[in-house]
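J.: have a look at this prediction, sequence included:
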Amino acid sequence: MPTGIICLVSALSFHNLTSQIPYMVHVAAPYGRKMPKIDYPPVRVFWFSQATYGEGFDRHILDGIKVPVYSPSKTLADCFKFRNRIGLDVAVEGLRMYVRSANLRVDELIHYSKLCRVQNVIRPYLETLLEEP
């Protein structure tokens, strides 16, 4: 999938921000782009606007292949955006694990939550988790 970017639960798993074991690969694609059908591994495509699709990913080497994966901050913003499809519990668990990690970047998380228009949804969870001892 040349235009696909690993996202949502698959990206959470890649960044060790979930206890979920993804049974299919979640891939982001820009609206209007036709995606090839593949038999294995099972893939679920999520359609992103051009503004949210092109930001916040890095390429990682997996089995000798450069694979684009969204950053932890972008992944969490996307998880809250698609919370009705993947589950709010998955998004909150990912946020909890991210806040406890050494890689926490609140400024990035706020930037991507604004980009994905979920800042009012994510803010109460983030504030509560940041106040925990």
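T.: Nice, I can see it.
J.: who touches the spatially most central residue of the chain in this structure?
T.: By CA atoms, centre = their mean, the chain has its centre lying nearest to residue 75, at 2.1 Å. By CB atoms under 8 Å, 6 or more residues apart in numbering, the contact set of residue 75 is 7, 8, 11, 12, 15, 17, 94. Yep, even glycine has a C-beta here, placed from its N, CA and C like the rest.
J.: verify the stated contact: the last one with residue 14.
T.: No - in this structure residue 94 lies outside contact range of residue 14 using CB atoms under 8 Å: 11.5 Å.
J.: so those two - more neighbours on which side?
T.: Neighbour count, other CB atoms under 10 Å: between residue 94 and residue 14, residue 94 has more, with 26 against 19.
J.: quick check: which element contains that one?
T.: Counting by DSSP states H and E, the element that carries residue 94 is helix 88-100.
J.: remind me what that helix packs against, helices and strands.
T.: In terms of contacts (3 or more CB pairs under 8 Å, 6 or more residues apart in numbering; DSSP states H and E), helix 88-100 is packed against helix 8-14, helix 72-81, helix 119-131.
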